[in-house]
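In: need coordinates for the following:
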Amino acid sequence: RGLDFYARLVDGLLEAGIEPWATIFHWDEPTWLEERGGFLSRDAVDHLAEYGACLMTRLGDRVRNWITVNEPSIYSSLGYILGHFPPGRRNDLKGMFRSAHHLLLAHARLCEALRSTGQGGRAGIALAQIWISPKNPVKPRDRAAAEFMDQALNRFFIDPFFLGSYPARVLSKVAGFLPRGFEKDLPGMKAPQDFIGINYYQRGVYRWALLQPYTHAREYLDPAAPRSAMWEIYPPGIYRFLLRLRDEYGNPPSYITENGYPLPETDGRDPLNDPERVAYLRDHIALVGKAIERGADCRGYFHWTLMDNFEWAFGNTMRFGLLRTDFATQERQGRRSADWYQELASRNWLEVEKLALEPVDET
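Out: Residues are numbered from 1 along each chain as shown. Model prediction:
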């Protein structure tokens, strides 16, 4: 019944002239799998590969683009370090790095599964990337703390696919938390995908913290920095990640697979008037264009999201949609940002007066 539902959905999208992109694993994990250890167990890799092959076999004649795994860093860190997501554990470094490795390995297996179906199509992974800056770029220890966090939060999840290794500095601290024999998996994890997806929303600022175990880094929240309801707003990060792909990872085909602005509703405010979202999108999309102009092989941009959604631990409070959803009636209404985005998509160009870019050698 599940496959039939998605077959009808894909057909409906194609009939409407919409190209479907399907994500295989976006954190929704069967209870029976978690009861067997979830992604702490290597068996989960086989289960996910089998599931993906089933989807690809059934839908691959119509779905030509597959995102294998969404944001393995968020799944592993919020599930095992911060405890905000299932399974709700805190400070479980073994859980974080075992689940992360198995999800990255599953991505490679899913890419292989797509090719084995003979259906054609393309596969890639969507990685959450947080631009990391030191609190004080002049201080070597702040720079060292920021570099470590960049390796742990960003490069750990992309290096295996292009370099065939994990970042050395992080590995020196956490190798004991990874599955035994993980080194044997790395050659097969290199370069399996057809594209790389970048989910970008925010910046993280870190300072040196001697007593912080393993990382010696602590996040610093700058009271003067512009923020959404969830994160610091930092448009240059999206530009710099695309240039990082260009300069350090061989300039693979890439997509911005998520970028958006959460805006909770408040009493007395028109829920359809969202100039903050328009400004956020304008600044980020302009910098994606600048990165393309400078040679980054970025081939598309997906806004998160079309309609207000159930935002995991935040429930229905964080509204990301271009269309407002009335969760009681399921009625949708276009916001100001929807009109702006529709106009942008129809003309495919954006005029901006100034692009704010700070020096790129801050870390």
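In: only C-alpha atoms for contact and neighbour calcs from this point on.
Out: OK.
In: strands of this protein, residue ranges please.
Out: 21-25, 65-70, 122-134, 195-208, 217-219, 254-258, 298-301, 323-325, 332-334 (DSSP state E).
In: quick check: which of those strands is nearest to V174?
Out: Closest to V174 of those is strand 217-219 (CA to CA; 15.1 Å).
In: helices or strands next to that closest one in the packing?
Out: helix 140-153, strand 195-208 (3 or more CA pairs under 8 Å, 6 or more residues apart in numbering; DSSP states H and E).
In: can we see that at 6 Å?
Out: Under the contact definition 3 or more CA pairs under 6 Å, 6 or more residues apart in numbering; DSSP states H and E, strand 217-219 sits against strand 195-208.
In: buried residues in the strand it packs on, which are they?
Out: 195-208 (16 or more other CA atoms under 10 Å).
In: separation between the nearest residue to E71 once chain neighbours are set aside and R180?
Out: In this structure, E71 finds its nearest non-sequential neighbour in L127, 4.7 Å apart by CA to CA, 6 or more residues apart in numbering. L127 sits at a distance of 24 Å from R180 (criterion: CA to CA, to the nearest Å).
In: again with D46
Out: On the measure of CA to CA, D46 and R180 end up 17 Å apart.
In: okay, those two: which has more neighbours?
Out: Between D46 and R180, counted using other CA atoms under 10 Å, the more crowded position is D46 (16 against 10).
In: and the gap between that one and G176?
Out: Taken as CA to CA, the span from D46 to G176 is 23 Å.
In: so where do the helices sit in the stretch 151-300 of the chain?
Out: Here the stretch 151-300 of the chain has its helices, by DSSP state H, counting those that start in this stretch, at 159-162, 168-174, 186-189, 236-248, 275-293.
In: and L210, what does it touch?
Out: H216 (CA atoms under 6 Å, 6 or more residues apart in numbering).
In: heads up, I number from 23, so please use that
Out: I'll keep to 23 as the first residue from here, and by that count the last item is L232.
In: next, it: phi, psi?
Out: Main-chain torsions, L232, degrees, to the nearest 10: phi -60, psi -40.
In: let me know the pLDDT of it.
Out: With respect to pLDDT, L232 scores 94.
In: just how off-centre is stretch 71-91 within its chain?
Out: Relative to the chain's own centre, stretch 71-91 is displaced by 19 Å; criterion: CA atoms, centre = their mean, to the nearest Å.
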